[in-house]
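Trainee: how does the following fold in three dimensions:
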Amino acid sequence: MKNSVFSQKIYSFLLATYRWYLQTPERSLHEAYDAALKIKEIEDKHFNGNKIDIDSAMYSNSVMDYFESDLKKLLKIVRMRLTEFRASRWFLNEENQKAAQKADIQHLSPSLVLEKLNFIDQVTSKYTNISDQTTSKALVVRPPNIAANSVISDDDSLLVNTPTLPPKIPNRDSDKKPKSKLKADTMGVLPRSILSTISRLQVELDPNSEQDVIQTFRQTQRRTIISIRFILLLIIIPLLTHQIAKAFVVGPIIDRFRSSEQMQIFLNSEMEEEALVELQRFEERLKFENLIIKAPPLLPEQIETEMKNKAREISEEFRRESSNAIKNVFADVFSVVAFIWLLLVSKSSIAVIKDFFDHIVYGLSDSAKAFIIILFTDIFVGFHSPHGWEVLLEGVSRHWGLPANRDFIFLFIATFPVILDTIFKYWIFRYLNRISPSAVATYRNMNE
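Mentor: As a prediction, this is how the structure comes out:
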């Protein structure tokens, strides 16, 4: 009896699963159609039936971020459900359709399916490049340091939609073009300066130029706001995570296990040596003060009592410091996890902030570029940099309660700044020398 009931349950479950499988195309199409209806509803309600434009001046940046988030989510649902619709229709054959008819599963008529697909295409066709618009549209600005008469390959047009690359330099493929074409591109009937002046006048006389300038300014403003906000998040979120985890998660656990008096006070020998030096200095200070005030000498029992009180105070202080070092280790793990999570969920913001820094760096003058390069190289790989690295590594060791290993510190200072200096020189030779040769010449003159 039990076996028959169990078999009946399994059969019912398999039948329900099979019915769900047969209904997959219609269910996927229905969900995609609902998402398209929601997009259309937002257009009709908030944008007068027009496209949801992320650069629209009708609403504030916060409101447009809200609409942009909903639009991305709905477009993702439409793409996933249409893919599921096509795949499920490909796997369903005639036998499956006959089985669906036997199971009383009513399919949509072909005309209704085509009508829904047509509506979905009409709504989503306006947003085919929505990912490019939100991350990189008109965000890449060509640096002003590139010479006006430099030869630019046809692939440079891709830089407009590429937020992760600096301005492209002519490669070998561009050098393989016929010389006659290059001469035709670089030479003309009129001088280049006159042609550039005519082009500038055409832009100024264009009635749409003002709208283009306003749109470019809004895009630049939006990029700046996104970049500054993301930089602040990268700083604030790990710090808040560290403090919250240390105060409410790691701290109570560590205090509970280290509350016993039998627990070890010092994490390493350096802490113990520091405590002994402090206790010895207290004893010497006590005797010195007793001598200069011309008071009766302290009895050995009184000195011993004072020393016991001071030793107890020092032990409590170093116990707290040891516990704090252990808390820092685990709290830092939480901070690193929060930082990595923020990077993973903010890929579009990373692209925007990279373009933001590229625009700032490549937009600087040659002397400013040389000044920044010299400043960074002198701080991190200069003559006095080993002292800074030593202080930094000792601070990190103390933060985690580790003994400052002098051999490791000296080995790090002997290798890492050299590697960093090599990377700086390679970047200057490989990229900056091609993008802005005058900046490299200024750097060499200032460095001499």
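Trainee: poorly predicted segments of the stretch 1-150 of the chain, please.
Mentor: 1-9, 11, 13-15, 18-21, 55-58, 91-108, 129-150 (pLDDT under 70).
Trainee: ok, now with 90
Mentor: Residue ranges of the stretch 1-150 of the chain with pLDDT under 90: 1-36, 38-150.
Trainee: that one: helices as residue ranges?
Mentor: 2-22, 24-46, 61-91, 94-102, 110-124, 130-135 (DSSP state H, counting those that start in this stretch).
Trainee: same deal with the stretch 301-448 of the chain?
Mentor: Counting by DSSP H, counting those that start in this stretch, residue ranges of the helices within the stretch 301-448 of the chain are 347-362, 366-381, 385-399, 406-427, 433-435, 437-447.
Trainee: return the most buried member of these.
Mentor: Of all the helices of the stretch 301-448 of the chain, helix 347-362 has the most neighbours on average by mean count of other CB atoms under 10 Å, namely a mean of 17. Where you see a C-beta, it was placed from the backbone N, CA and C, and this is true even at glycine.
Trainee: which other helices and strands does that one contact?
Mentor: If you count contacts as 3 or more CB pairs under 8 Å, 6 or more residues apart in numbering; DSSP states H and E, helix 347-362 packs onto helix 130-135, helix 209-244.
Trainee: again, only using 10 Å
Mentor: helix 130-135, helix 209-244, helix 300-344, helix 366-381 (3 or more CB pairs under 10 Å, 6 or more residues apart in numbering; DSSP states H and E).
Trainee: need the next SSE after the second one, C-terminal direction.
Mentor: By that I understand helix 209-244. Per DSSP states H and E, helix 209-244 leads on to helix 251-257 as the next helix or strand towards the C-terminus.
Trainee: what sits up against the next helix or strand after that following helix?
Mentor: On the C-terminal side of helix 251-257, the closest following helix or strand by DSSP H and E is helix 269-292. Here helix 269-292 makes contact (CB atoms under 10 Å, 6 or more residues apart in numbering) with 265-266, 268, 295-298, 302-303, 306-307, 309-311, 313-315, 317-318, 321-322, 325, 397-398, 401-404.
Trainee: okay, angle between helix 269-292 and helix 300-344 too, please.
Mentor: Orientation of helix 269-292 against helix 300-344 (axes from the mean of the first three to the mean of the last three CA atoms, to 10 degrees) gives an angle of 140 degrees.
Trainee: export helix 269-292 as CSV, just CAs?
Mentor: These are the backbone C-alpha positions of helix 269-292, laid out as CSV (Å, rounded to 0.1, in the frame of the first residue of the first chain):
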residue,chain,number,x,y,z
SER,A,269,58.7,39.0,22.1
GLU,A,270,58.8,42.7,21.0
MET,A,271,55.7,43.4,23.1
GLU,A,272,57.3,41.7,26.1
GLU,A,273,60.5,43.7,25.7
GLU,A,274,58.6,46.9,25.4
ALA,A,275,56.7,46.2,28.6
LEU,A,276,59.9,45.4,30.5
VAL,A,277,61.5,48.6,29.3
GLU,A,278,58.5,50.6,30.4
LEU,A,279,58.5,48.9,33.9
GLN,A,280,62.2,49.6,34.3
ARG,A,281,61.8,53.2,33.4
PHE,A,282,59.0,53.5,35.9
GLU,A,283,61.2,52.1,38.7
GLU,A,284,64.0,54.6,37.8
ARG,A,285,61.6,57.5,37.6
LEU,A,286,60.1,56.5,41.0
LYS,A,287,63.5,56.5,42.6
PHE,A,288,64.6,59.8,40.9
GLU,A,289,61.4,61.6,42.1
ASN,A,290,62.0,60.4,45.6
LEU,A,291,65.5,61.7,45.6
ILE,A,292,64.8,65.2,44.3
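Trainee: what mean pLDDT does it have?
Mentor: Per-residue pLDDT over helix 269-292 has a mean of 85.
Trainee: list the buried ones in that helix?
Mentor: Of the residues in helix 269-292, Met271, Ala275, Leu279, Phe282, Leu286 count as buried by neighbour count, 16 or more other CB atoms under 10 Å.
Trainee: turn those into a markdown table, columns for distance to Asp255.
Mentor: A markdown table is the format used below for those (distance: CB to CB, whole Å):
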| residue | distance to Asp255 |
| --- | --- |
| Met271 | 18 |
| Ala275 | 21 |
| Leu279 | 25 |
| Phe282 | 27 |
| Leu286 | 32 |
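Trainee: looking at those, which is nearest Asp378?
Mentor: Proximity of the buried residues of helix 269-292 to Asp378 was ranked by CB to CB; the top entry is Met271 with 34.7 Å.
Trainee: need the contact list for the most centrally placed residue in the chain.
Mentor: To find the centre residue of the chain, average its C-alpha atoms and take the closest one (CA atoms, centre = their mean): that gives Leu343, at 3.8 Å. When contacts are counted by CB under 10 Å, 6+ apart, Leu343 is found next to Phe230, Leu234, Ser349, Ile350.
Trainee: any chance of those residues in JSON lines, plus distance to Thr197 and pLDDT?
Mentor: Formatted as JSON lines, these follow (distance: CB to CB, whole Å; pLDDT from 0 to 100):
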{"residue": "Phe230", "distance to Thr197": "40", "pLDDT": "91"}
{"residue": "Leu234", "distance to Thr197": "45", "pLDDT": "92"}
{"residue": "Ser349", "distance to Thr197": "40", "pLDDT": "86"}
{"residue": "Ile350", "distance to Thr197": "40", "pLDDT": "88"}
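Trainee: adding distance to Tyr426, write those out as TSV.
Mentor: Below are the contacts of Leu343 laid out as TSV (distance: CB to CB, whole Å):
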residue	distance to Tyr426
Phe230	28
Leu234	26
Ser349	28
Ile350	23
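Trainee: measure stretch 201-220 end to end?
Mentor: With CA to CA, to the nearest Å as the measure, the ends of stretch 201-220 fall 24 Å from one another.
Trainee: can you list the buried residues in it?
Mentor: Gln219.
Trainee: can you list the domains in the chain?
Mentor: Domain ranges of the chain: 2-128, 135-151+196-349, 364-447, per automatic domain parsing.
Trainee: any chance of those domains in JSON lines with distance to Phe357 as columns?
Mentor: Converted to JSON lines, the domains of the chain look like this (distance: least, CB to CB, whole Å):
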{"stretch": "domain 2-128", "distance to Phe357": "21"}
{"stretch": "domain 135-151+196-349", "distance to Phe357": "8"}
{"stretch": "domain 364-447", "distance to Phe357": "11"}
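Trainee: among those, which is nearest Asp358?
Mentor: Smallest distance to Asp358 across the domains of the chain (CB to CB): 7.5 Å, for domain 135-151+196-349.
Trainee: what's the offset of that closest one from the middle of its chain?
Mentor: Taking CA atoms, centre = their mean, to the nearest Å, one finds the center of domain 135-151+196-349 at 18 Å from the center of the full chain.
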